[in-house]
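Engineer: coordinates for the following, if possible.
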Amino acid sequence: MAADSEPESEVFEITDFTTASEWERFISKIEEVLNDWKLIGNSLGKPLEKGVFTSGTWEEKSDEISFADFKFSVTHHYLVQDSTDKEGKDEVLEDVIPQSMQDLLCMNNDFPPRAHCLVRWYGLREFVVIAPAANHDAVLSESKCNLLLSSVSIALGNTGCQVPLFVQIHHKWRRMYVGECQGHGVRTDFEMVHLRKVPNQYTHLSGLLDIFKSKIGCPLTPLPPVSIAIRFTYVLQDWQQYFWPQQPPDIDALVGGEVGGLEFGKLPFGACEDPISELHLATTWPHLTEGIIVDNDVYSDLDPIQAPHWSVRVRKADNPQCLLGDFVTEFFKICRRKESTDEILGRSTFEEEGREIADITHALSKLTEPAPVPIHKLSVSNMVHTAKKKIRKHRGVEESPLNNDVLNTILLFLFPDAASEKPLDGSSAVDNNNPLSESEEYNLYNQFKSAPSDSLTYKLALCLCMINFYHGGLKGVAHLWQEFVLEMRFRWENNFLIPGLASGPPDLRCCLLHQKLQMLNCCIERKKARDEGRKTNTSDMFPGDAGKAGDQLGPDNLKDTDKEKGEVGKSWDSWSDSEEEFFECLSDTEELKGNGQESGKKGGPKETASLKPEGRLHQHGKLTLLHNGEPLYIPVTQEPAPMTEDLLEEQSEVLAKLGTSAEGAHLRARMQSACLLSDMESFKAANPGCFLEDFVRWYSPRDYIEEEVIDEKGNMVLKGELSARMKIPSNMWVEAWETAKPIPARRQRRLFDDTREAEKVLHYLAVQKPADLARHLLPCVIHAAVLKVKEEENLENISSVKKIIKQIITHSSKVLHFPNPEDKKLEEIIHQITNVEAIIARARSLKAKFGTEKCEQEEEKEDLEKFVSCLLEQPEVLVVGAGRGHAGKIIHKLFVNAQRAAAMAPPEEELKRVSSPEERRQNSVSDFPPPAGRELILRTTVPRPAPYSRALPQRMYSVLTKEDFRLAGAFSSDTSFF
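Structural biologist: Now for the predicted structure:
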């Protein structure tokens, strides 16, 4: 049985050779990709222009293929060029060698400063690379390398593709490539050698020429001349100790009296270290032939001073420490802290509770006390007295995060009115003559939602930034904020306006903290006006005289704050402070007055006309009351309540919650008409016997329609009536008019309760954590940083920086204009600002090194400034005149001084004074260090492999550094005649 079964088992082991193997599938996939990318056939482009590898646009396409389960990425790199006319090419293309072979001999783009390594080594404008897809994968064994190279060769032969195809072998960091290019009867092999240690015989030109000639193996004698291009690169590193101009900020001078407190309003700028770490000088000999120069292990003709081409590039320091960037970054870090002010300053909960209770009872006694609040002398010592007393309770004076000198300097900077004996009444108004108010700066705070650059909020942000960086960090910030809140309460209680804030209602274009401070200022203004009005009206005034005085007051004689002071009909001492503060509890006289007015309202125009007019501002032109012909008077009205954006949002939420029902809509309308009702009551008090039509003619003239009609006698007369919306049943205006009593503005319930609002603001400020505070003020800090960068850029005039600043402003306005921006986006803005600061610092560093300011000749100065600006913006800059030009002489001098410093030799100036030539020779040091990199390109055109083969281009590139030696050869051969 066993013998019978053997033939059967052999049948199943037959291999089907018609099935494609993994290798064949891999080749097929390469061909498919080449066909998809239309890389078949020869497409000749225009000759390469000089510098096009750097200035032109490079693009790439990628795809993924696999050999069994090993994945490869295929990438097509190509220089974007204008498409050329392809007509009539097919006839000629048979004998033309591929484009890439022609590019091997092109000398216009040797040593490009920024390009793919294969472009630098071989001068190619187009090529395809097959590399392992994963970074950690590598093709290491020789057999696998040969298999891949065979696959490439077969794919190129099958498709007729004339674009060079490379395979990346070994680990990726070694950048090792082998490849092939095929044309009609020609082929170029791309080979590479990579060593860590350089063999001694290959450190100079003669040794490399030997390799090149032996590799070509040309049978002709004499060998055609070899074209040579050489570049030596010299590195200058030790210049920072001589030429870095940035001085570190003098921290002690900030509070030592030398600079003064105004220093707190300025942001620092510049790099703390030299942002330019190295200067690379490339000396190039672009067109040499074999017999012209000598370069061997004994002697060399290659003197950098004599090189026809010099080019320079600068290496930037990695993330140089920049003062402005550090300031803003450190301040931003506060946003992530969780601690409250009390936790940072070391308060216990029980002590805090006791303090709050004491404060509340004190506040109530203040409100109910009829005597005026005594106004203390305003001074820095008064400002900080309360805080110091409380701080001393819990820790020693020496433990305070901020010492008195720093604190007093900051407070004087924030509150300049504290330096004078008397507070300035107009200190709240910001200087309107500031030329920046209509300029771009005005738009900046509007875009960033920060605060004007001369405002208290803006100054506070800068001071907190400075404190956080130099004077105590987070504890210092908490301490200053605590002092600031105490100062706000001190000013509220003593009627001192807050300086550095524009008068008027809160500006909703600014940050919320700025709005809160403006709201507090509004409260202080109202309270101050009320207290001053009580003082000025304590003298006895007869009601009749007061009425006459009120009648005579014109619109120009009354200011907003004088409306209450200039009211008529009742002296200020006839109603108590409690009536103003607690308007729900009306006095007996108010009740009687109200009852009389109510009955008058119901009784008709005759009875209402008998009431005495009150609260008149001035007469309204020619208008008269419709029913009794009396002149119509404009009343003194209450101003609408100022609101911050959070209050507006809160109010809109409340109104939205009322729903869409009829009852909800009615209630919403009543809530929104509080100001209308107040104005109606004032109008009724000023114009006894008036009707709704009279009020509408003054308040909303469009809602009173007048038409010319003919009366019974045939005369043309004007007849007026209310508009259609005013006649709607249950109209809000009609309802409000019916409920309105004739009460002058000064005795109405206040639309704006300044006491309550001020306490709300003060509580809001007191509970802010340092993190909340930093969030509020970060737009101001970014605003200040952008202004600082613009100011510094104007001094340097760098075009690239102007564009970046515009991008920062656009980006910041999008991010900061919405509440609670993401941390990541804020970090991006700060990073952009730091980058701009580094660019400006680099410009200043280069200007100092090249001495642009010391140039006496205007033409030389312009050339140097242009050279420095090009160094910042371009990867590599050509030195006009090489070593003999103005910039070249400066660079030469920099290298000479560095060499002498390294060799501890006397400087060049001192050496010139030495009289003896022998001493000069002893002290002489080479002007340049040994080159950090040596690059050579050898080219020739020879027939290969036989004397009768076609003459084809051959090229070898060599780079030699301290720890790296690479040879990259492209050797062409004739595949038809060999």
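
Engineer: stretch 631-646: how far from the chain's middle?
Structural biologist: 41 Å (CA atoms, centre = their mean, to the nearest Å).

Engineer: only alpha carbons, please: show that stretch as PDB.
Structural biologist: Extracted C-alpha coordinates of stretch 631-646, given in PDB (Å, rounded to 0.1, in the frame of the first residue of the first chain):
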ATOM      1  CA  PRO A 631     -45.600 125.400  26.300                       C
ATOM      2  CA  LEU A 632     -44.200 121.800  26.200                       C
ATOM      3  CA  TYR A 633     -41.300 121.400  28.600                       C
ATOM      4  CA  ILE A 634     -38.600 118.700  28.200                       C
ATOM      5  CA  PRO A 635     -38.200 117.000  31.600                       C
ATOM      6  CA  VAL A 636     -35.100 116.000  33.500                       C
ATOM      7  CA  THR A 637     -35.000 112.200  33.000                       C
ATOM      8  CA  GLN A 638     -33.000 109.400  34.500                       C
ATOM      9  CA  GLU A 639     -30.200 108.000  32.400                       C
ATOM     10  CA  PRO A 640     -30.600 104.400  31.400                       C
ATOM     11  CA  ALA A 641     -28.600 101.900  33.600                       C
ATOM     12  CA  PRO A 642     -25.200 101.100  32.200                       C
ATOM     13  CA  MET A 643     -24.600  97.400  31.800                       C
ATOM     14  CA  THR A 644     -21.600  95.100  31.300                       C
ATOM     15  CA  GLU A 645     -21.700  92.200  28.800                       C
ATOM     16  CA  ASP A 646     -22.300  89.600  31.500                       C
END
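
Engineer: tell me which residues in stretch 755-767 are buried?
Structural biologist: Thr755, Glu757, Ala758, Glu759, Lys760, Val761, Leu762, Tyr764, Leu765, Ala766 (16 or more other CB atoms under 10 Å). C-betas here are computed from N, CA, C, even on glycine.

Engineer: kindly apply the preceding question to stretch 967-978 instead.
Structural biologist: Leu967, Ala968, Gly969, Ala970, Phe971, Ser972, Ser973, Asp974.

Engineer: now swap in stretch 201-208 and tell me
Structural biologist: Tyr202, His204, Leu205, Gly207, Leu208.

Engineer: just the ones in helices from the residues you listed, please.
Structural biologist: Leu205, Gly207, Leu208 (DSSP state H).

Engineer: next, give phi and psi for Thr75.
Structural biologist: Geometry field for Thr75 lists phi and psi as phi -130, psi 130, criterion degrees, to the nearest 10.

Engineer: what's the neighbour count on it?
Structural biologist: 16 (other CB atoms under 10 Å).

Engineer: just give me the neighbour total for Lys806.
Structural biologist: Neighbours of Lys806 (other CB under 10 Å): 10.

Engineer: in terms of helices and strands, where is it?
Structural biologist: Assigned by DSSP states H and E, Lys806 belongs to helix 799-816.

Engineer: between the buried residues of stretch 755-767, which is closest to Trp285?
Structural biologist: Closest approach to Trp285 among the buried residues of stretch 755-767 (CB to CB): Leu765, at 72.1 Å.

Engineer: skipping adjacent residues, who's closest to the closest one in space?
Structural biologist: Val485 (4.9 Å; CB to CB, 6 or more residues apart in numbering).

Engineer: number of residues surrounding that neighbour?
Structural biologist: For Val485, using other CB under 10 Å, the count is 19.

Engineer: give me the mean pLDDT for the helix or strand hosting it.
Structural biologist: If you go by DSSP H and E, Val485 is part of helix 473-493. Rounded to a whole number, the mean pLDDT of helix 473-493 is 89.

Engineer: helices of the stretch 401-550 of the chain, start to end?
Structural biologist: 404-414, 440-448, 456-470, 473-493, 512-536, 543-552 (DSSP state H, counting those that start in this stretch).

Engineer: give me the mean pLDDT for the last one.
Structural biologist: Averaging pLDDT along helix 543-552 yields 35.

Engineer: what do you get for the third one?
Structural biologist: The average pLDDT for helix 456-470 rounds to 89.

Engineer: ok, the shortest one next?
Structural biologist: pLDDT averaged over helix 440-448 equals 70, rounded to a whole number.
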